[in-house]
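1. Have a look at this fold, sequence not included:
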């Protein structure tokens, strides 16, 4: 039954008759009378005993009204909850990204975002790509910026730039003096053998960058001195900046950190696409689209047609 069916019957019971109930419901008496007749005919039993113009509930009618009121109350509560959720979702963005991107977000992306949307609350979370995707699947995240993840049905994947394996060193590192420019590489190049014996900070092999570092050292016979292992890229970059050693990982924006990136000569270029991921049935707000646009512009990525169609469907930011 439609929720209005219960409202009509409850109104007749509460007002004690058709006339007052019809006035309360803003419908004609004849329409309400016909509705009651159809309902009782459909149920195969009377809900009211008529005594003149007064309508008294039968036993079945009392049960109907009792359940009807409970259903109406639940419907009201559901509507209120959905309304609150709608308001909350429009005023927040649950955004996840790798820990190594924290500096970029705090220094560059978020300040620009809040110039346009100061009323929006961003719930930022730094985590591994695997855990961020799990959070997205569990509806704990609205948007995630991830690298090297399996594409799943029901999600939209928008390219947000490239990440490549680099050697990070602190400013003033002797390795910078040995580096040279190469038009085929994004960063100054050093010979792989220069890494032998140098102090190096690393990530655990449970991470993508940790696995790549281990495989690279084994493949090219490199033997750096592993002095420290940390759990995430942000801590890795901090350790490099403090001069504890060099590090190899998939590149993220450096921001204001005093470190430099180098490429390895003769080593096959390892490159991965950074993706913004969200549920395909997600209704992206203008604020979410603007956040994605800022990240896309920051990456220097050329905007393809799919990105233009998604981010500029209403020409909001052009």
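-> Arrived safely, thanks for sending. In this text the structure is predicted, and so the values were computed from the model without any measurement.

2. where in this protein is pLDDT low?
-> Scanning the chain for pLDDT under 70 picks out 1, 85-90, 269, 301-304, 313-318.

3. Now do the lengthiest strand in it: which elements does it pack against?
-> Determined from DSSP state E, the single longest strand within the chain is strand 155-170. Other helices and strands packing on strand 155-170, by 3 or more CB pairs under 8 Å, 6 or more residues apart in numbering; DSSP states H and E, are helix 174-177, helix 208-220, helix 233-241, strand 247-250, strand 259-264, strand 271-279, helix 286-299, helix 305-311. Backbone N, C-alpha and C define where each C-beta goes, glycine included.

4. Report the inter-axis angle for the third one versus strand 155-170.
-> Note on geometry: by axes from the mean of the first three to the mean of the last three CA atoms, to 10 degrees, helix 233-241 and strand 155-170 are set 20 degrees apart in direction.

5. What is the burial count for residue 255?
-> 16 (other CB atoms under 10 Å).

6. got the contact list for the spatially closest residue to it that is not a sequence neighbour?
-> Spatial nearest neighbour of residue 255, chain neighbours left out: residue 103 (3.5 Å); criterion: CB to CB, 6 or more residues apart in numbering. For residue 103, the contacting residues are 234, 237, 253-257, by CB atoms under 8 Å, 6 or more residues apart in numbering.

7. still on that earlier bit, so which of the helices and strands packed on strand 155-170 is the most surrounded?
-> Mean neighbours per residue, mean count of other CB atoms under 10 Å, is largest over these for strand 247-250, with a mean of 25.

8. So what's the gap between that strand and the chain middle?
-> 26 Å (CA atoms, centre = their mean, to the nearest Å).

9. Could you list every helix and strand that it packs against?
-> strand 155-170, strand 199-202, helix 208-220, helix 233-241.

10. Kindly recompute the last result at 6 Å.
-> Judged by 3 or more CB pairs under 6 Å, 6 or more residues apart in numbering; DSSP states H and E, strand 247-250 is in contact with strand 155-170, helix 208-220, helix 233-241.

11. ok, and for the longest strand of the chain, which residues are buried?
-> Residues of strand 155-170 classed as buried by neighbour count (16 or more other CB atoms under 10 Å): 155-163, 165-170.

12. quick one, it and strand 259-264 angle?
-> Using the same axes, to 10 degrees: strand 155-170 against strand 259-264 is 100 degrees.

13. strands paired with strand 155-170, and their directions?
-> Under the criterion DSSP bridges, strand 155-170 sits next to strand 247-250 (antiparallel), strand 259-264 (antiparallel), strand 271-279 (antiparallel) in its sheet.

14. and the angle for it with helix 208-220?
-> Orientation check (the same axes, to 10 degrees): strand 155-170 against helix 208-220 gives 60 degrees.

15. Need the residues that contact strand 155-170.
-> For strand 155-170, contacts defined as CB atoms under 6 Å, 6 or more residues apart in numbering pick out 147, 151, 175, 212, 240-241, 243, 246-248, 250-251, 259-262, 270-280, 295-296, 299, 301, 307.

16. Confirm for me that residue 222 is in contact with residue 195.
-> Yes. Look at residue 222 against residue 195 with CB atoms under 6 Å: they come within range, at 5.1 Å.

17. can you tell me which residues contact the residue lying closest to residue 245 once chain neighbours are set aside?
-> Once flanking residues are discounted, residue 245 sits nearest to residue 199: 3.5 Å by CB to CB, 6+ apart. By CB under 6 Å, 6+ apart, residue 199 lies in contact with 225, 227, 245.

18. let's go with 8 Å and repeat that
-> Counting by CB under 8 Å, 6+ apart, residue 199 has contacts 224-225, 227, 244-246.

19. Just give me the closest of these to residue 63.
-> Among these, residue 244 lies closest to residue 63 (CB to CB), at 74.9 Å.

20. What count of nearby residues applies to the closest one?
-> For residue 244, the neighbour count with other CB under 10 Å is 17.

21. Which strand residues bridge the residue nearest to residue 245?
-> residue 225.

22. Can you report phi and psi for the closest residue to residue 16 other than its chain neighbours?
-> Nearest residue to residue 16, sequence neighbours excluded (CB to CB, 6+ apart): residue 54, at 5.7 Å. Backbone torsions of residue 54, given as degrees, to the nearest 10, read phi -90, psi 140.

23. That concludes my questions; thank you for your assistance.
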